[in-house]
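*Asks:* Need a 3D model of the following:
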Amino acid sequence: MPASSGKATRHRLSRGGDRAGNNALHRIALVRMSSHQPTRDYVSRQTSKGRSKLDILRLLKRAIAREVFKLLTRHVTVPDCSDLRPARQAKYITLTAVAAHFGVWPTKISRMERDLPRDDAFAHICREWLTAAD
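*Replies:* Residues are numbered from 1 along each chain as shown. Purely as a prediction, here's the structure:
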């Protein structure tokens, strides 16, 4: 959003946007300015160039917004749990036997096999146990 006045031509994040998001960006920028060494170095470089604290804060918030946007929009591969039920059934192991081995309810195993609660660590342990079981 343009925020120019006089000779300076600059932009700022929309004030009419998500207030909680803008608050989070502001807080992240303040914390980085006080405790993140690369950001502190950046602030000192920008201060030596003659920029004000508000200008530096605005630049930091825009950079953080770009960084967060990249993280939120990147493609993440999620491990699939659809192989657990066929692997268990191929070895003729019941839900009750798996649940008894791990000390959980059979419902937890059944829901995990259908990928309802995301518990990748437990799914990995079950997968290793099923491949080792004979």
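
*Asks:* And the lengthiest helix in the chain, what does it pack against?
*Replies:* Assignment by DSSP state H gives helix 53-73 as the longest helix of the chain. Counting contacts by 3 or more Cβ pairs under 8 Å, 6 or more residues apart in numbering; DSSP states H and E, helix 53-73 is packed against helix 19-35, helix 37-48. Heads up, the C-betas are built off the backbone N, CA and C, glycines and all.

*Asks:* Give me the contacts around that helix.
*Replies:* 10-13, 25-26, 28-30, 32-33, 39, 42-43, 46-47, 51 (Cβ atoms under 8 Å, 6 or more residues apart in numbering).

*Asks:* Next, the buried residues of that helix.
*Replies:* The neighbour-count check on helix 53-73 (16 or more other Cβ atoms under 10 Å) flags Ile56, Leu57, Arg58, Leu59, Leu60, Lys61, Arg62, Ile64, Ala65 as buried.

*Asks:* Give me the distance between Arg10 and Arg51.
*Replies:* 11 Å (Cβ to Cβ, to the nearest Å).

*Asks:* about what we covered before: please, a PyMOL command that selects the buried ones among the contacts of helix 53-73?
*Replies:* Applying 16+ other Cβ under 10 Å to the contacts of helix 53-73, the buried members can be selected in PyMOL as follows:
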select buried, resi 13+25+28+29+32+33+39+42+43+46
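
*Asks:* related to what we said a few turns ago, mind giving me JSON lines with the buried residues of helix 53-73 and columns for pLDDT?
*Replies:* Listed next are those as JSON lines, based on pLDDT from 0 to 100:
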{"residue": "Ile56", "pLDDT": "95"}
{"residue": "Leu57", "pLDDT": "95"}
{"residue": "Arg58", "pLDDT": "92"}
{"residue": "Leu59", "pLDDT": "94"}
{"residue": "Leu60", "pLDDT": "95"}
{"residue": "Lys61", "pLDDT": "94"}
{"residue": "Arg62", "pLDDT": "92"}
{"residue": "Ile64", "pLDDT": "94"}
{"residue": "Ala65", "pLDDT": "92"}
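
*Asks:* With distance to Ile109 as added columns, please give the residues you listed in TSV.
*Replies:* Listed next are the buried residues of helix 53-73 as TSV, based on distance: Cβ to Cβ, whole Å:
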residue	distance to Ile109
Ile56	54
Leu57	51
Arg58	52
Leu59	51
Leu60	47
Lys61	46
Arg62	48
Ile64	42
Ala65	42
